[in-house]
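Chemist: coordinates only, sequence not included:
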């Protein structure tokens with residue numbers, strides 16, 4: 001995977017997550033990453049607070065001024081990790097579970113879609129995937145505490 005694709009994947013995994021953004025003028029913003037553009041690099045934060053405790057509904061930052069983007073908590077849903085867990089738990093063949101890393105999606109037998117938001121699909125297999133998902137997310141929440 002190319003470096004650009006990895007950055008896109010990393011940035012996509014941070015959407016709607018709380019991040020700390022440090023600028024080269026020593027200002028800091030903490031807020032939810034609501035959007036970004038790679039070229040030119042621009043990010044948008046929602047419900048952001050600066051280092052003077054001013055609160056802003058929306059802050060759009062020029063990437064040329066950003067020195068760091070920090071994430072305090074790990075994302076709960078790792079698509080590769082979850083795909084491996086489903087494949088092993090359900091004793092599926094390689095290829096039955098597909099990972100779309102940039103989109104943050106796992107598909108099972110092309111019928112069941114799993115994202116950080118949950119499981120889409122119906123039937124006994126979807127219920128089993130849903131149970132695995134709930135156990136996985138519960139375990140990840142305990143690890144992050």
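Modeler: It's in. Quick caveat: nothing in here was measured; it's all calculated off a predicted structure.
Chemist: my guess is residue 120 meets residue 111, correct?
Modeler: No: in this structure, residue 120 is not within contact of residue 111 by Cβ atoms under 8 Å, at 9.5 Å. C-betas here are computed from N, CA, C, even on glycine.
Chemist: Between those two, which contacts overlap?
Modeler: residue 126 (Cβ atoms under 8 Å, 6 or more residues apart in numbering).
Chemist: Correct me if wrong: residue 126 contacts residue 119.
Modeler: Yes: taking contact to mean Cβ under 8 Å, the distance of 6.3 Å between residue 126 and residue 119 places them in contact.
Chemist: which residues do these two both contact?
Modeler: residue 112.
Chemist: Residue 40: how many residues sit nearby?
Modeler: Around residue 40 there are 8 other residues, counting by other Cβ atoms under 10 Å.
Chemist: burial of the closest residue to residue 25 other than its chain neighbours, as a residue count?
Modeler: The shortest distance from residue 25 to any residue that is not its chain neighbour, by Cβ to Cβ, 6 or more residues apart in numbering, is 6.9 Å, and that residue is residue 65. Residues near residue 65, counting by other Cβ under 10 Å, number 13.
Chemist: And residue 65, its phi and psi?
Modeler: Main-chain dihedrals, residue 65, degrees, to the nearest 10: phi -90, psi -10.
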